[in-house]
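Chemist: heads up, no residue letters with this:
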Ligand SMILES: Nc1ncnc2c1ncn2[C@@H]1O[C@H](COP(=O)(O)OP(=O)(O)O)[C@@H](O)[C@H]1O
Ligand SMILES: [Mg+2]
């Protein structure tokens, strides 16, 4: 390890002492499986429980997280990296109490932060992150190299998929990619938009086997969500369903999932500081 890395590590250690921030990445092999719907509803439910939540919208797609929260995000992290605005300008408060930050459409590689870790940009971004209890990352479809550091830094990764052959194949590909990265985060699976309960078992078996083979561990929690008509309405109204239909099946199930997040008593293998050391490429083992 070079001296430079040692210096950076020392800086980081000082910077992140006592930080309790948890990082949760919502991923999935395929578009349209519900990643943004879960990012937004998990974030909102955590915020309803008085947590400070930063939703990192890295999927500048059609129904992206900010839009689902009823917010048009004009100032993005790309503008910040270009030096046009401050990091605070990128943070958008929403009615759900969730703070949203968006990468924008032409997000520059996260390496910009890495290369300049001692510089103000990385420091400012990480300082912003640590002001929150949770950072929720909504990823785009598939695996993206640009998000490598987020995967590595995550306490938990949700893999969202649906019971369709193409989505399962994509989930398989994503699990393989995560195995290459040597990710040590917890992995939870959300099987979404179930219409026929008889199809659950075979899908669950395939996913459990795949995770065991490639990641050499068990899926932490396997959640099942049925196809729920009112999700469409919630998307149209741009209000997370947990905020206005608390008692419908989706919301109830989601609250159980969030209970699992907040009750997580797992002794973390890595602290927040150690995870961020990974972000800048310092091996901690
Ligand atoms: N459980 C569900 N039941 C019904 N529709 C759903 C469900 N989950 C998601 N959807 C719908 O699927 C569409 C795609 O979801 P989205 O979260 O945007 O996918 P992704 O972010 O993975 O591309 C949304 O418009 C939403 O209406
Ligand atoms: Mg999305």
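Modeler: Perfect, thanks for sending it. Remember, it's a predicted structure, so these values are computed and weren't measured experimentally. Ligands and ions are numbered 1, 2, ... in the order given.

Chemist: mind listing the strands for the stretch 151-285 of the chain?
Modeler: 156-161, 186-194, 222-226 (DSSP state E, counting those that start in this stretch).

Chemist: Buried deepest among those, which one?
Modeler: Most buried of these, by mean neighbour count (mean count of other Cβ atoms under 10 Å): strand 156-161, with a mean of 25. Where you see a C-beta, it was placed from the backbone N, CA and C, and this is true even at glycine.

Chemist: what about that strand and ligand 2, touching?
Modeler: No - counting by Cβ under 5 Å from the ion, ligand 2 is not contacted by strand 156-161; separation bottoms out at 9.5 Å.

Chemist: next one: that strand to chain centre, how far?
Modeler: 8 Å (Cα atoms, centre = their mean, to the nearest Å).

Chemist: cool, stretch 198-208 as well?
Modeler: On Cα atoms, centre = their mean, the centre of stretch 198-208 falls 24 Å from that of its chain.

Chemist: nearest spatial neighbour of residue 87, skipping sequence neighbours?
Modeler: residue 124 (4.4 Å; Cβ to Cβ, 6 or more residues apart in numbering).

Chemist: That neighbour: neighbouring residues, count only.
Modeler: 16 (other Cβ atoms under 10 Å).

Chemist: Contact partners for residue 188?
Modeler: The contact partners of residue 188, by Cβ atoms under 8 Å, 6 or more residues apart in numbering, come to 156-159, 219-223, 260.

Chemist: Looking at these, which two lie furthest apart in space?
Modeler: Spatially, the most separated pair among the contacts of residue 188 is 159 and 260, at 15.0 Å (Cβ to Cβ).

Chemist: what pLDDT does residue 216 get?
Modeler: You'll see residue 216 listed with a pLDDT of 91.

Chemist: do the same with residue 183
Modeler: In the prediction, the pLDDT value recorded for residue 183 is 80.

Chemist: Please apply the same query to residue 66.
Modeler: We have a pLDDT of 85 for residue 66.

Chemist: Checking my notes, it in a helix, right?
Modeler: Yes - Residue 66 sits within a helix when classified using DSSP: H, G, I helix; E, B strand; the rest coil.

Chemist: ok, the nearest residue to it once chain neighbours are set aside - contacts?
Modeler: Counting by Cβ to Cβ, 6+ apart, residue 66 lies nearest to residue 73, which is 4.3 Å off, once chain neighbours are set aside. Contact analysis of residue 73 by Cβ under 8 Å, 6+ apart lists 57, 66, 92, 100, 102.
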